[in-house]
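S.K.: no sequence on this one, just coordinates:
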Ligand SMILES: Nc1ncnc2c1ncn2[C@@H]1O[C@H](COP(=O)(O)OP(=O)(O)OP(=O)(O)O)[C@@H](O)[C@H]1O
């Protein structure tokens, strides 16, 4: 199921200094649940299971998987918030659980659904507090603040209390806070969730620039396939706590045989468009037709053929969402997903 040359779930990546090292890591949670008047059940949830991968310095890697797959648990272990139940973990040569404070100076974290900014204070005050908390040298703080604020267009918002910011502004504000201390690695959890198209583009442009110019290593968790497409040359898929794919996004489409959709507006209502084996019509509504074609193939030849053979008004390409791509890969026959690996003891 995984696209690997050695069958271990690991793929080759650009040669470079290994920056994140995850070796046979596992995390088991013990959960107690009341099942009757006096009866309690103890359950072990294996959230991360023999997980191994490495990330080189300067890589930008997408980390995706279905709900409950173990993504957040992995990130929490990489930041030192959670201690692994087994295996070996290193970030910049540091054991996160043992030296969490030392590691904090090397990493930045952005959670799309939560803010690390002080809600009632003006944005600039959160940055001043970060300055002190991380003991960032004054000159460096000022230089970083000016550069980041300019790049993320936050100049006019520095005196606005965080609670008055829009989601997109707040997200950009959070990214600045995570980068003021010049971390070598940035963990991003859903950085574009709920953002409009323009804000998404701003955040993605910025991240690309950050990675190119400063060589910041980025681990990105997202449900938005375009985040991955536009930012990451490599994607890792986790399911039931295990790495099931590690390679380029295009390869993921191939493994899962997922499909993209071409939405075609014709000048008038016509019989289903016939593109032979290249695409199949999945829906017709008046002059609008939907054609499915393999996501791993370019849309260009198909578009050219339709334009040449049919009275075309307009068309657009719809990408499959991440859940669909992963489901196509994990459950090719349409099987129902299993719950996370559990062991129950009475
Ligand atoms: N503190 C905890 N105690 C018990 N079980 C937990 C705890 N944290 C996570 N789990 C369980 O571990 C599994 C993995 O959870 P995790 O939050 O890492 O998944 P995820 O891939 O980040 O999911 P999502 O996309 O929904 O955020 C789930 O079954 C979850 O219920």
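M.R.: Sure thing, it's come through. Owing to the predicted nature of the structure, the values given are computational and were not obtained by experimental measurement. Numbering: from 1, shown residues only.

S.K.: And the strands in this structure, which stretches?
M.R.: Remark: strands assigned in the chain by DSSP state E are 18-34, 40-56, 60-64, 86-91, 107-111, 185-189, 217-221, 234-239, 242-247, 259-266, 280-285, 288-294, 312-318, 342-345.

S.K.: Out of these, which gets nearest to residue 197?
M.R.: strand 312-318 (13.8 Å; Cβ to Cβ). To be clear about C-beta, it is placed using only N, CA and C from the backbone, and glycine gets the same treatment.

S.K.: Could you list the low-pLDDT ranges of the protein?
M.R.: Residue ranges of the chain with pLDDT under 70: 1-16, 255-256, 332-346.

S.K.: before we move on, the earlier item: in a markdown table: the strands of the chain, plus mean neighbour count and distance to residue 143.
M.R.: As requested, these are exported to a markdown table (neighbours: other Cβ atoms under 10 Å; distance: least, Cβ to Cβ, whole Å):
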| stretch | mean neighbour count | distance to residue 143 |
| --- | --- | --- |
| strand 18-34 | 16 | 24 |
| strand 40-56 | 18 | 27 |
| strand 60-64 | 24 | 24 |
| strand 86-91 | 18 | 25 |
| strand 107-111 | 22 | 16 |
| strand 185-189 | 23 | 18 |
| strand 217-221 | 24 | 21 |
| strand 234-239 | 25 | 31 |
| strand 242-247 | 23 | 37 |
| strand 259-266 | 19 | 44 |
| strand 280-285 | 14 | 54 |
| strand 288-294 | 19 | 48 |
| strand 312-318 | 13 | 42 |
| strand 342-345 | 10 | 50 |
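
S.K.: Make TSV out of these and add distance to residue 156.
M.R.: Shown next, in TSV, are these (distance: least, Cβ to Cβ, whole Å):
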stretch	distance to residue 156
strand 18-34	36
strand 40-56	36
strand 60-64	29
strand 86-91	36
strand 107-111	22
strand 185-189	25
strand 217-221	27
strand 234-239	36
strand 242-247	42
strand 259-266	38
strand 280-285	45
strand 288-294	42
strand 312-318	34
strand 342-345	51
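
S.K.: what's the closest of these to residue 253?
M.R.: Proximity to residue 253 (Cβ to Cβ) singles out strand 288-294 among the strands of the chain, at 7.4 Å.

S.K.: Make a markdown table out of the strands of the chain and add distance to the ligand.
M.R.: Below are these laid out as a markdown table (distance: least, Cβ to the nearest ligand atom, whole Å):
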| stretch | distance to the ligand |
| --- | --- |
| strand 18-34 | 3 |
| strand 40-56 | 3 |
| strand 60-64 | 9 |
| strand 86-91 | 15 |
| strand 107-111 | 10 |
| strand 185-189 | 8 |
| strand 217-221 | 7 |
| strand 234-239 | 7 |
| strand 242-247 | 12 |
| strand 259-266 | 23 |
| strand 280-285 | 28 |
| strand 288-294 | 27 |
| strand 312-318 | 23 |
| strand 342-345 | 8 |
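
S.K.: tell me, what residue is most central in this structure?
M.R.: In the chain, the centroid-proximal residue (Cα atoms, centre = their mean) is residue 221; its distance is 2.4 Å.

S.K.: was I right about it contacting residue 64?
M.R.: Yes: Residue 221 is within contact range of residue 64, at 6.9 Å (criterion: Cβ atoms under 8 Å).

S.K.: Touching both of the two, which residues are there?
M.R.: Shared contacts of residue 221 and residue 64 (Cβ atoms under 8 Å, 6 or more residues apart in numbering): residue 71.
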